[in-house]
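In: Here is my input, please return the structure:
(one chain, ligands or ions: 1)
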Amino acid sequence: MQLCRSIAAIRDAVAGFRAEGHSVGLVTTMGALHDGHMSLIAAAKRDHARVVATIFVNPTQFGDPADLDNYPRTEAADLAMLEAAGCDAVLIPRADEIYPEGCETIVETQNLAVRLHGAVRPGHFRGVATVVTKLFNITRPDAAYFGEKDYQQLQVIRRMTRDLHMGIEIHGVPTLREADGLAMSSRNVRLTPEDRIAALCLSRALDRAERVAAEGGSPRSIDDAIRACLADEPRATLTGLDIVAPESLAPLRQAPDAPLSEPIAIMISAQFGEVLLIDQREITP
Ligand code: PAF
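Out: Down below sits the predicted model:
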C-alpha cells in the first residue's frame, strides 16, 4: 500500500493505477477505522482493481471545537487495517494543504444540508460536501463508497455529485453492526461501559419500528414506538427523530395515522454522555 501525505503523491499513485489500465474506487474516512470502514473497502474492491482511501479529520464539518479535538486519532492501527484489507494507496493530507490560506470556495446542497441533522448541526453538511468535493477532485475515482448509517450525508453526496456532473458513481453500503446490534462507529470507543449497553436502545427502537410497520402501524405509531423505546433508557437523550421519504428526505405524503403505505427512512440521533450517536433504517411497507 502506498502511503501518500501530499496531493501530489496520491495523484502520482492514481496516475500509476490508470496507466496500468485499472479502475479506481475511493473510500473517504476520518480515520479511527473499524470493520464498518473495512466493509466499504471490501465493496470498493469487489468493483475496482485499485482502491484508494483517505484519512482526514475534516475541521470544517465540526461545529464544536472540543468535538474536533476529541475525535479519536489512531493512525498506526488505521494503516495496518487498510493494508490488511488490501487497500492500494492511502492519502493522509495536512489540513493546510486541503484548506490553503485564502481558500474561500464552498460546496453546499442548499436544501438537503439544512434540514434534519443539518438543522441542529449548522454548517456540518457544507463542510462534508466541500471536503468530499476536494477529495474527489484530488483522487478522481470512478466510484466512491459511503456508509448508509450516515444517511443524510449519503444523500447530500449523491445530490452534489449529480448536480455538479462529477461523473463519479456513489454507492451506499449497509450499516455493519456489532453482534448485539450496535451500529459500528468511530465514536463507540468513547462510550463508557454503561453507555455502551444503553446505546443498544437505538437498534432496539429501529427493530421495534420495523415490527410496528409490519403489523400495519402508521407513521405516527412508528414514531411513538421509537420515542417510547428511547424514553425507557434513562442514559439516552433523544436529540433527533425523523421519518421521511428515502433519498429526498422530504416529508411523507401519506396521512400520519394511516397504515404505512410508502417507503420511509428513519433517522435517529441520541446523546449518551458526551457521545452523540446516530442510526438509521429504511422500511418498505
Ligand atoms: O463520514 C465521514 O467519515 C466523513 O464525514 C467524510 C465523508 C470522510 C468527510 O469528512
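In: Show me which residues of the stretch 1-150 of the chain sit near the ligand.
Out: 28, 29, 30, 58, 61, 128, 131, 132, 150 (Cβ under 6 Å from any ligand atom). Every residue, glycine included, has its C-beta placed from N, CA and C.
In: 8 Å instead, please
Out: 28-30, 54, 56-58, 61, 127-128, 131-132, 135, 146-147, 150 (Cβ under 8 Å from any ligand atom).
In: Return stretch 5-12 as PDB; C-alpha atoms alone will do.
Out: What follows is stretch 5-12, C-alpha atoms only, in PDB (Å, rounded to 0.1, in the frame of the first residue of the first chain):
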ATOM      1  CA  ARG A   5       1.000  12.500   2.600                       C
ATOM      2  CA  SER A   6       0.500  15.100  -0.100                       C
ATOM      3  CA  ILE A   7      -1.900  15.800  -3.000                       C
ATOM      4  CA  ALA A   8       1.000  15.300  -5.500                       C
ATOM      5  CA  ALA A   9       1.900  11.900  -4.100                       C
ATOM      6  CA  ILE A  10      -1.700  10.500  -4.300                       C
ATOM      7  CA  ARG A  11      -2.100  12.000  -7.800                       C
ATOM      8  CA  ASP A  12       1.100  10.100  -8.800                       C
END
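In: Could you list every helix and strand that whatever helix or strand residue 3 lives in packs against?
Out: For residue 3, the host element (DSSP states H and E) is strand 2-4. In terms of contacts (3 or more Cβ pairs under 8 Å, 6 or more residues apart in numbering; DSSP states H and E), strand 2-4 is packed against helix 7-19, strand 89-91.
In: List buried residues within the residues of the stretch 1-150 of the chain next to the ligand.
Out: Using 16 or more other Cβ atoms under 10 Å as the burial test, those include 28-30, 54, 56-58, 61, 127-128, 131-132, 135, 146-147, 150 as buried.
In: Could I get the full set of helices for the stretch 151-285 of the chain?
Out: 151-163, 193-198, 200-214, 219-231 (DSSP state H, counting those that start in this stretch).
In: how many neighbours does residue 153 have?
Out: 23 (other Cβ atoms under 10 Å).
In: Which residue, neighbours along the chain excluded, lies closest to it?
Out: Among residues not flanking residue 153 along the chain, residue 128 sits closest, at 5.6 Å (Cβ to Cβ, 6 or more residues apart in numbering).
In: That neighbour touches residue 59, doesn't it?
Out: No: at 11.9 Å, residue 128 and residue 59 do not qualify as touching, with contact defined as Cβ atoms under 8 Å.
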